[in-house]
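**Q** just to be clear, the model below is a prediction. Sequence and coordinates:
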Amino acid sequence: MLKAELRNKYRKKRNLLTSSSVSNNSSKIANKVLNVPIWHFFYYHIFLSITQNKEVDTSFILPILQGKDKNIVVSKTQKGRLLEHFLLLDNTPIKNNHLNIPEPVDGVKIKESSLDVVFVPLLAFDSNGHRVGYGQGYYDVFLRKCRPDIIKIGLSFFEAEDVITDITADDVALNYCVTPDMIYSF
């Protein structure tokens with residue numbers, strides 16, 4: 001299926017989710033993340049969920065990272081499809097941007113080369129680890145700037161599609177995708 005078709009399909013599927021379903025399934029995903037072999041690293045990049053888009057609620061993963069004493073990094077959007085990365089501390093100010101994305105106002109900057117693990121937002125993914133995001137390319141640009149050995153983990157309420165048919169060389173594949181019922185490894 002084409003990316004545009006998948007975006008449309010999964011936006012509709014997400015819109016049908018209740019807030020309790022989002023919460024319950026986000027909790028299940030967080031518990032599954034504990035079984036992904038990533039816990040020996042130091043810097044973990046995570047997206048802060050856009051509530052009105054019914055994204056996987058990463059607030060269930062944050063305490064796991066904090067409890068394991070990991071360095072948590074979050075991003076701020078910049079012009080030109082770029083992201084700037086900041087260490088998430090107790091006093092890091094968070095504010096929604098013009099797209100309603102929660103992001104740090106400022107803080108301690110972290111380079112892409114320091115990151116070990118990235119939790120990646122997505123609308124859909126396929127059995128080959130390719131993902132469909134919102135179509136702006138922020139994460140593809142960001143992930144290409146990271147080290148080649150960075151671990152990329154998608155988070156999804158839904159299971160894998162067979163194949164995304166219009167993958168390009170600019171698309172960056174995942175290493176894992178975690179759903180409420182499965183951990184996919186690619």
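**A** Here it is on my side, so go on. Numbering: from 1, shown residues only.
**Q** do me a favour and get the end-to-end distance for stretch 79-88?
**A** 22 Å (C-alpha to C-alpha, to the nearest Å).
**Q** brain fart, stretch 27-43
**A** Length of stretch 27-43, first residue to last, C-alpha to C-alpha: 22 Å.
**Q** list the buried residues for that stretch?
**A** Judged by neighbour count using 16 or more other C-beta atoms under 10 Å, the buried positions of stretch 27-43 are 28-30, 32-33, 36, 38, 43. Every residue, glycine included, has its C-beta placed from N, CA and C.
**Q** ranges for the helices of the chain?
**A** 3-15, 19-33, 62-67, 138-145 (DSSP state H).
**Q** so what does the third one touch, helix or strand wise?
**A** In terms of contacts (3 or more C-beta pairs under 8 Å, 6 or more residues apart in numbering; DSSP states H and E), helix 62-67 is packed against strand 71-78.
**Q** name the strands paired with the strand it packs on and say parallel or antiparallel.
**A** In the sheet, strand 71-78 lines up against strand 43-45 (parallel), strand 82-87 (antiparallel) (DSSP bridges).
**Q** what sits against the residue nearest the centre of the chain?
**A** The centre of the chain sits closest to V120, judged by C-alpha atoms, centre = their mean, with a distance of 2.2 Å. If you count contacts by C-beta atoms under 8 Å, 6 or more residues apart in numbering, V120 has them with 47, 131, 139, 143, 152-155, 174.
**Q** in the sheet, who's paired with it?
**A** Judged by DSSP bridges, the bridge partners of V120 are G154.
**Q** quick one: it from Y138, how far?
**A** 11 Å (C-beta to C-beta, to the nearest Å).
**Q** check K68 too.
**A** 27 Å.
**Q** taking strand 82-87 as reference, get the angle to the helix or strand of the chain with the lowest mean pLDDT.
**A** Within the chain, no helix or strand scores below helix 138-145, which has a mean of 94 by mean pLDDT, DSSP states H and E. Angle of helix 138-145 versus strand 82-87, following axes from the mean of the first three to the mean of the last three C-alpha atoms, to 10 degrees, is 70 degrees.
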